[in-house]
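>>> All I have is the shape, not the residue letters:
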């Protein structure tokens, strides 16, 4: 059975899953799909063509699915796709995509803290933490298990790699490679994300290999292409190193050095 407060405003066209809790003064638009077991505390707004999976928890004054702020918006059907088991804390905003047929995507089991902003066309993976007041501009990609500390700002079209961490108040204007820690304004890659790697269960050998790769990329004065060649030639062919090399080679904005 759903628990819906009488002050909530739910459009008849909205699709509400089983066992949802919808608190006081929530507003749900006509094209919203809410998965089973979701909990909306109070004053939550879900609008646009927005679909949420099961067991999401959304705190007061969060707004998910509203129109992009991008001035290129010309109308059409744009979407927000959200997976399962996410937490959106107070006053979080997640905006819909800009162009007809596109989507802003958030995966599963992410923890998005108060006042964070996820702009149009962003794509977030799984088990990401965004601390309070962090903001993602449009078209940012954040891979699994990344951590973005409070007040950090990420420039549009940047990529944040798997198990990367961004320090508080950082200004990220280029890609942050996986497994690394970036900090500063502008952000620089300062070391490997050692604590995050240990918590993720990576072996000592893998962590040591990633530390050696970091030194080749950022401390030896090599060009990026030469550093990648040396990583492939001199370090063990671990999946994590292969992923790091592929990420850096695919970078279009360059990496935060």
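Received, thanks. Note that the structure is predicted; figures quoted are calculated from it, not measured. Numbering: from 1, shown residues only.

>>> which residues does residue 139 contact?
120, 121, 122, 156, 157 (C-beta atoms under 8 Å, 6 or more residues apart in numbering). Just so you know, the C-beta spots here come from the backbone N, C-alpha and C atoms, and that holds for glycine as well.

>>> Quick one: buried ones out of these?
Among the contacts of residue 139, the ones that count as buried by 16 or more other C-beta atoms under 10 Å are 120, 121, 122, 156, 157.

>>> Read off the pLDDT value for the second one.
For residue 121, the model assigns a pLDDT of 98.

>>> Next one: it from residue 42, what distance?
Here the distance between residue 121 and residue 42 works out to 29 Å (C-beta to C-beta, to the nearest Å).

>>> Now secondary structure and distance to residue 7 too, for the contacts of residue 139, in a markdown table please.
As requested, those are exported to a markdown table (DSSP: H, G, I helix; E, B strand; the rest coil; distance: C-beta to C-beta, whole Å):
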| residue | secondary structure | distance to residue 7 |
| --- | --- | --- |
| 120 | coil | 30 |
| 121 | coil | 34 |
| 122 | coil | 32 |
| 156 | coil | 38 |
| 157 | coil | 41 |
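
>>> Of the residues you listed, which is the nearest to residue 250?
residue 157 (12.8 Å; C-beta to C-beta).

>>> can you tell me how far the closest residue to the closest one other than its chain neighbours sits from residue 15?
Nearest non-adjacent residue to residue 157, counting by C-beta to C-beta, 6 or more residues apart in numbering: residue 139, 4.7 Å away. The gap separating residue 139 from residue 15 is 29 Å, by C-beta to C-beta.

>>> Equivalent analysis for residue 233, please.
Distance, residue 233 to residue 15, by C-beta to C-beta: 55 Å.

>>> cool, and residue 99?
For residue 99, the distance to residue 15 equals 25 Å [C-beta to C-beta].

>>> Those two - which one has more neighbours?
Neighbours per residue, other C-beta atoms under 10 Å: of residue 99 and residue 15, the larger number sits with residue 99, 15 against 12.

>>> Tell me who's in contact with that one.
72, 74, 76, 78.

>>> Now do the helices in the chain.
For the chain, the helices defined by DSSP state H cover 194-199, 204-218, 224-234, 239-250.

>>> what's in contact with the shortest one?
Where contact means C-beta under 8 Å, 6+ apart, the residues beyond helix 194-199 that reach it are 145, 147, 163, 165, 179, 181, 206, 207, 210, 211.

>>> what about that helix, distance to the chain center?
Centroid separation for helix 194-199 versus its chain: 19 Å, with C-alpha atoms, centre = their mean, to the nearest Å.

>>> So residue 247 is in contact with residue 180, correct?
No: between residue 247 and residue 180 there is no contact under C-beta atoms under 8 Å: 10.0 Å.

>>> Between the two, which contacts overlap?
Common neighbours of residue 247 and residue 180 (C-beta under 8 Å, 6+ apart) are residue 161.

>>> of these two, who's got more company?
Taking neighbours as other C-beta under 10 Å, residue 247 and residue 180 compare with residue 180 leading, 28 against 21.
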